[in-house]
Structures are given as C-alpha cells and as structure tokens.
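**Student:** got a sequence here, can you model it:
(one chain, ligands or ions: 2)
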Amino acid sequence: MKLVLLGGAGFRTPAMYEAVHDVRDLLGIDELVLYDVDDARLPRVLRVLEGIDRERGSRVNVRATADLDDALEGADVVYSAIRVGGIASRIIDETVPLAHGVLGQETTGPGGIAFALRTIPVMRMIAERTAARAPRAWFMNFTNPAGMITEAIAEVLGDRAFGICDTPRGMFRRIAAALGRPPESLWFDYAGLNHLGYIQAVLDGGDDLLPGLLADDALLATLEEGDIFDRDFLRSLGMIPNEYLAYYYGTADVVARQLAAGRTRGQEIAETQAGYFAAEPATPEAALQAWRETTRARSSTYMAEAGAVRVDGSRAGAGVDDLEGYAGVALRAALALRSGEPTVMVLNARNRSALPFLPADAIVETVCVVTGAGVRTVATAPLSLHARGLIEQMKEVERTTIAAALQGSAALAARALALHPLVPSVAVADRILDAYRAQEPNLRALLA
Ligand code: G6P
Ligand code: MN
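**Tutor:** Numbering: from 1, shown residues only. Ligands and ions are numbered 1, 2, ... in the order given. Coordinates of the predicted model:
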C-alpha cells in the first residue's frame with residue numbers, strides 16, 4: 001500500500017509516523033510519501049522520524065517529494081494536512097476579527113471563513129489531480145476547516161473523500177473514563193458538523209447514562225467539558241457539546257481572554273515553534289525529544305482561551321501510542337477500509353439521511369460505519385430545535401463560503417461573514433473582509 005501525506009513537513013508529521021509504525025504490517029504499508037512545498041522544515045522533520053526509527057529499532061520506507069503528481073501516482077490512501085499560507089496566515093485569520101472585537105479563532109468565526117476561502121481552490125486542484133492520478137485512493141482530509149474543505153472536495157472525489165477530527169473521539173474517551181468504562185462498550189449518539197456537534201445520549205444496552213453523568217457534579221468536574229461549559233447550562237441542554245461550542249456559548253468571555261492574552265493561539269504557536277525549528281539537535285534522539293517536549297507544551301495550553309484546564313497536559317493527539325488523536329482516527333479508518341471489518345467512528349461524510357433537515361450531499365460530522373465499501377453515516381436521535389438551528393445556519397455559511405471560494409466572489413464572501421452567528425453586523429463583516437484582503441495575499445488575489 002502507498003500512503004501519501006500531503007503537508008508532510010508539518011509539525012505533526014511525527015505523530016502520523018508513529019501511528020504508521022504501529023499499523024504498517026496490518027495495513028501492508030510498503031511506501032510512505034511525504035509531500036510538501038516547504039522544504040525548509042523537511043530535514044528537521046526527517047530527523048525526528050529517524051529518532052522514532054531508532055527508538056523502535058525498525059524503519060518505514062519513507063521518502064519526500066515536492067512533486068504532487070509523483071506523490072499521488074497510484075496512491076491507495078491520501079491524507080491531507082496542508083495549511084495554505086502557513087502559520088503566518090493563521091495569525092491573520094485570528095487577529096483581523098479580534099481587532100474588531102470578534103472571536104479570533106482558526107476554524108470558528110471569521111477565521112474559519114478566511115481559512116476556507118484560501119484553502120478551497122488549492123484543495124480542489126489537489127482533488128482533481130488525485131482523481132486523475134489515484135482514482136481508487138481513499139482521501140482522508142484533516143485540512144481545516146475540515147467540514148467545509150471535505151464538502152468542497154467531495155464534489156470531485158465523491159464518497160472517496162471524508163474528513164477527520166480528533167475532538168469527538170477525545171470526548172468519548174473522557175466520558176468513558178469518567179464512567180469507568182471502556183469506550184467501545186458504549187454507544188455515543190453524536191451528530192452535527194465539524195467543530196459543531198453534540199452528544200445526545202451515551203447508550204449502554206437500553207440505558208442512557210448521560211442524564212446521570214450530567215447530574216453528577218463530581219463526575220462532570222473530571223471532564224474538560226465540565227470546565228469549559230457552565231454545568232447547569234449543560235444540564236439544561238441535556239447534551240454535551242463539542243469543546244468548540246465554547247466559542248458560541250462563551251463568546252464574550254473567550255474574546256475577553258484573547259484580548260487580555262495579547263497574542264492569539266497562532267501567535268503563541270509561531271513563537272514556540274520558531275525556537276523548535278531554529279534549534280539543530282545533535283542526534284535524531286535529541287530531535288525526537290525536542291519534538292515531544294514541544295508537542296506536550298502545545299497540548300497543555302490547547303483551548304486555554306476557552307477555559308480548559310489541563311492538569312496533566314494531556315490531550316488526545318499528543319501521543320499516538322494507542323492509535324488516538326488525528327493520526328489514530330485516520331489509521332483506524334484506513335484499517336476498516338482495508339480489512340472490511342465494520343468499524344463505528346465519527347467522521348465527516350456525506351449526510352444522506354442522517355440529519356434529515358440538511359441536504360443529502362452536505363458533509364456532516366456524525367456517527368459513521370466504515371467498511372470495505374467506504375464510510376456511511378448512521379442516524380442518531382433527532383436534534384433539538386436549538387442545535388438544529390445552529391447547524392442549519394452554519395451549513396448555509398459553509399456553503400456560501402465554498403461558493404465564494406470557487407467563484408472568487410467578494411460579494412459571496414461578504415455574505416458568508418455577515419451570516420455568521422458570531423459576526424455582530426453586516427458593517428463589521430465588511431470591515432473584516434476588507435482587512436483580510438488588505439493583509440492576506442491569497443485572499444487579495446482570490447477576491448480581486
Ligand atoms: C484540535 C482540532 C483540530 C485543530 C487543533 C488545533 O485538535 O480538532 O482541528 O487543528 O485542535 O490545535 P492547535 O494546537 O493548533 O491550536
Ligand atoms: Mn478538528
């Protein structure tokens with residue numbers, strides 16, 4: 001099997017590489033190709049991979065290329081983790097709205113729209129090249145905003161494309177741990193869009209364990225969601241929202257924290273990673289050690305702006321020793337596709353009839369079954385009018401953003417921003433769009 005990693009020089013590539021080590025025999029991976037346009041970071045990444053090889057006493061057949069067609073040719077699985085514009089553009093995505101008192105976040109709010117606008121044209125080109133060079137490949141998209149990007153590429157790749165996020169699985173693991181149960185022994189009724197989903201039930205046979213969990217303050221206190229969200233509010237909702245809903249339910253508090261911090265999440269990461277990439281570790285072992293320390297530091301402050309407190313610095317995705325995190329979700333899906341063994345996972349896939357109030361071809365993030373035939377959504381309990389309303393509103397924003405990106409339309413981009421529930425007025429939406437065009441070169445070219 002040929003596995004291709006788009007954005008292979010990225011900081012998180014070693015996490016994927018460790019997971020590849022774990023499953024390469026099961027998957028029959030005989031070639032791993034790292035594709036990237038940024039070759040400056042590549043030697044450093046390869047050195048960390050060498051550290052992993054030494055630690056494990058074996059090697060994966062890996063090579064790097066900057067030629068997209070060479071990377072894609074005959075691929076069986078393509079995993080995309082590219083970031084168009086790099087961290088510099090992430091910082092613009094976040095700082096522009098914040099300067100207008102609006103949430104500064106890379107996937108939620110105006111930042112997600114800007115991120116999607118510049119990324120969609122590139123991902124469409126990649127999807128077309130994949131269709132030509134590797135028509136049988138499964139395309140796993142981790143490139144954010146994962147829901148919108150997956151919807152834009154599914155128009156080209158159909159059901160061979162699906163999207164990945166680690167947050168639902170992380171949430172299930174925390175809840176299972178709070179209940180003292182293995183996650184696989186419970187059914188999590190989860191539905192929504194990427195970074196906008198809800199757990200409506202935690203089923204154990206005929207029983208729903210969620211009301212008991214919500215009623216128990218001590219148990220709730222063990223969950224990150226119990227810190228991020230007001231616990232009485234959770235009880236009144238009767239659901240546990242994805243952690244990204246903190247940006248909707250706590251908007252004013254998050255914006256206040258962001259303004260007080262004096263730097264956005266992107267700026268924080270840029271600072272720590274500049275030091276990481278500038279250092280030249282003497283040995284592959286030292287390179288691996290530095291990567292692990294930087295990963296741990298990054299994880300320990302994740303979602304701090306939303307009120308998350310991490311006592312042990314842990315976060316799904318930090319290490320992949322038991323196939324967790326983004327890489328774990330991706331490779332679990334690849335294993336199910338390869339073996340045909342039905343596996344239940346939350347992925348971003350075409351709705352069909354799972355969320356009956358949305359179009360059948362809309363990408364939703366919900367419970368799916370993965371078999372050798374691909375990824376299919378599963379219906380869950382009906383969502384409340386509140387959750388449904390927010391999801392519908394955001395799907396309209398997403399589709400308007402996709403149309404704006406494909407048509408290069410400033411008018412549609414303005415409309416997407418104005419319709420976003422976190423943007424307070426049409427005038428503010430216009431000002432944010434003007435600032436994005438002034439500051440971000442890809443957006444300036446796209447929306448000329
Ligand atoms: C979670 C989300 C990803 C997102 C990441 C951001 O894992 O599921 O979609 O990219 O957080 O983390 P960062 O450390 O870059 O702020
Ligand atoms: Mn995600």
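**Student:** which bits of the stretch 51-200 of the chain sit near ligand 1?
**Tutor:** By C-beta under 6 Å from any ligand atom, the residues of the stretch 51-200 of the chain that approach ligand 1 are 144, 165-167. From N, CA and C alone the C-beta is placed, and that goes for glycine too.
**Student:** which one of these is nearest to Asp22?
**Tutor:** When those are compared for distance to Asp22 (C-beta to C-beta), Asp166 wins out at 16.0 Å.
**Student:** my guess is the closest one contacts Met345, does it?
**Tutor:** No. Between Asp166 and Met345 there is no contact under C-beta atoms under 8 Å: 11.2 Å.
**Student:** now for these two: what residues contact both?
**Tutor:** Common neighbours of Asp166 and Met345, counting by C-beta atoms under 8 Å, 6 or more residues apart in numbering, are Val329.
**Student:** let me see the ranges of the strands in the protein.
**Tutor:** 2-6, 31-35, 62-65, 77-80, 138-141, 161-163, 187-193, 196-204, 207-208, 240-241, 343-350, 363-371, 374-377 (DSSP state E).
**Student:** reformat these as a markdown table; add mean neighbour count and mean pLDDT.
**Tutor:** Output for these, formatted as a markdown table (neighbours: other C-beta atoms under 10 Å; pLDDT from 0 to 100):
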| stretch | mean neighbour count | mean pLDDT |
| --- | --- | --- |
| strand 2-6 | 25 | 98 |
| strand 31-35 | 21 | 98 |
| strand 62-65 | 16 | 97 |
| strand 77-80 | 25 | 98 |
| strand 138-141 | 28 | 98 |
| strand 161-163 | 28 | 98 |
| strand 187-193 | 24 | 98 |
| strand 196-204 | 22 | 98 |
| strand 207-208 | 14 | 98 |
| strand 240-241 | 24 | 98 |
| strand 343-350 | 22 | 98 |
| strand 363-371 | 23 | 98 |
| strand 374-377 | 20 | 98 |
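**Student:** as JSON lines, these with distance to Ala403 would be great.
**Tutor:** Shown next, in JSON lines, are the strands of the chain (distance: least, C-beta to C-beta, whole Å):
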{"stretch": "strand 2-6", "distance to Ala403": "24"}
{"stretch": "strand 31-35", "distance to Ala403": "28"}
{"stretch": "strand 62-65", "distance to Ala403": "33"}
{"stretch": "strand 77-80", "distance to Ala403": "21"}
{"stretch": "strand 138-141", "distance to Ala403": "19"}
{"stretch": "strand 161-163", "distance to Ala403": "18"}
{"stretch": "strand 187-193", "distance to Ala403": "17"}
{"stretch": "strand 196-204", "distance to Ala403": "20"}
{"stretch": "strand 207-208", "distance to Ala403": "40"}
{"stretch": "strand 240-241", "distance to Ala403": "28"}
{"stretch": "strand 343-350", "distance to Ala403": "18"}
{"stretch": "strand 363-371", "distance to Ala403": "15"}
{"stretch": "strand 374-377", "distance to Ala403": "23"}
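**Student:** contacting residues around the most far-flung residue of the chain relative to its centre?
**Tutor:** Going by C-alpha atoms, centre = their mean, the residue of the chain most distant from its centre is Ala282, 33.0 Å out. Shown in contact with Ala282 (C-beta under 8 Å, 6+ apart): no residues.
**Student:** how far away is it from ligand 1?
**Tutor:** Using C-beta to the nearest ligand atom, to the nearest Å, we find Ala282 at a distance of 27 Å from ligand 1.
**Student:** what count of nearby residues applies to Asp232?
**Tutor:** Asp232: 10 surrounding residues under other C-beta atoms under 10 Å.
**Student:** generate a ChimeraX selection restricted to the buried subset of the residues of the stretch 51-200 of the chain next to ligand 1.
**Tutor:** In ChimeraX, a selection of the buried entries from these looks like this (16 or more other C-beta atoms under 10 Å):
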select :144,165,166,167
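**Student:** keep only those of the residues of the stretch 51-200 of the chain next to ligand 1 that are in helices.
**Tutor:** Thr167 (DSSP state H).
**Student:** need the residues of the stretch 51-200 of the chain next to ligand 1 in a markdown table with pLDDT, can you?
**Tutor:** Listed next are these as a markdown table, based on pLDDT from 0 to 100:
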| residue | pLDDT |
| --- | --- |
| Asn144 | 98 |
| Cys165 | 96 |
| Asp166 | 95 |
| Thr167 | 95 |
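**Student:** picking up where we left off before, which one, of the strands of the chain, ends up nearest to Arg181?
**Tutor:** Of the strands of the chain, the one closest to Arg181 (C-beta to C-beta) turns out to be strand 196-204, at 7.6 Å.
**Student:** off-centre distance for the closest one?
**Tutor:** Computed by C-alpha atoms, centre = their mean, to the nearest Å, the chain-centroid distance of strand 196-204 equals 19 Å.
**Student:** check stretch 396-413 too.
**Tutor:** Using C-alpha atoms, centre = their mean, the offset of stretch 396-413 from its chain centre is 21 Å.
**Student:** measure the residue nearest in space to the middle of the chain to Met171 for me?
**Tutor:** When C-alpha atoms, centre = their mean is applied to the chain, the residue found nearest the centroid is Cys165 (4.1 Å). Plainly put, Cys165 is 10 Å away from Met171 if you go by C-beta to C-beta, to the nearest Å.
**Student:** with that, I have no additional questions.
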